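1. Here's a sequence, model it:
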Amino acid sequence: MINFEEELKKFHPSLEVEDAEEAIYNQDLTDMADLLVKMIQESEEKTGE
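-> Residues are numbered from 1 along each chain as shown. As a prediction, the model looks like this:
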């Protein structure tokens with residue numbers, strides 16, 4: 001029978017996953033909120049001129 005507690009003690013995360021996580025968090029990604037803020041700022045600049 002499998003002893004899950006012992007198996008969990010042996011577990012180590014894959015280095016590939018950690019590397020991928022770091023790469024994802026270090027990217028500067030534009031999301032919808034960023035696009036909306038930019039559109040509002042551009043709209044205000046045009047109407048303010």
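2. Can you give me the pLDDT of residue 17?
-> Looking at residue 17, its pLDDT reads 80.
3. no, scratch that, I was asking about residue 31
-> The score at residue 31 is 84. That number is its pLDDT.
4. Beyond the least confident helix or strand in the chain by mean pLDDT, next helix or strand please.
-> In the chain, no helix or strand scores lower on mean pLDDT, DSSP states H and E than helix 15-25, which sits at a mean of 79. Sequence-wise, the next helix or strand downstream of helix 15-25 (DSSP states H and E) is helix 32-48.
5. For that next one, C-alpha coordinates in CSV please.
-> Taking Å, rounded to 0.1, in the frame of the first residue of the first chain, the C-alpha atoms of helix 32-48 are listed here in CSV:
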residue,chain,number,x,y,z
MET,A,32,-7.7,45.1,-20.4
ALA,A,33,-7.5,47.5,-17.5
ASP,A,34,-4.2,49.0,-18.9
LEU,A,35,-5.9,49.4,-22.3
LEU,A,36,-8.9,51.1,-20.8
VAL,A,37,-6.8,53.5,-18.8
LYS,A,38,-4.8,54.4,-21.9
MET,A,39,-8.0,54.9,-24.0
ILE,A,40,-9.4,57.2,-21.3
GLN,A,41,-6.2,59.2,-21.1
GLU,A,42,-6.1,59.6,-24.9
SER,A,43,-9.7,60.6,-25.0
GLU,A,44,-9.2,63.2,-22.2
GLU,A,45,-6.1,64.6,-24.1
LYS,A,46,-8.1,65.0,-27.3
THR,A,47,-11.1,66.7,-25.6
GLY,A,48,-8.8,68.9,-23.5
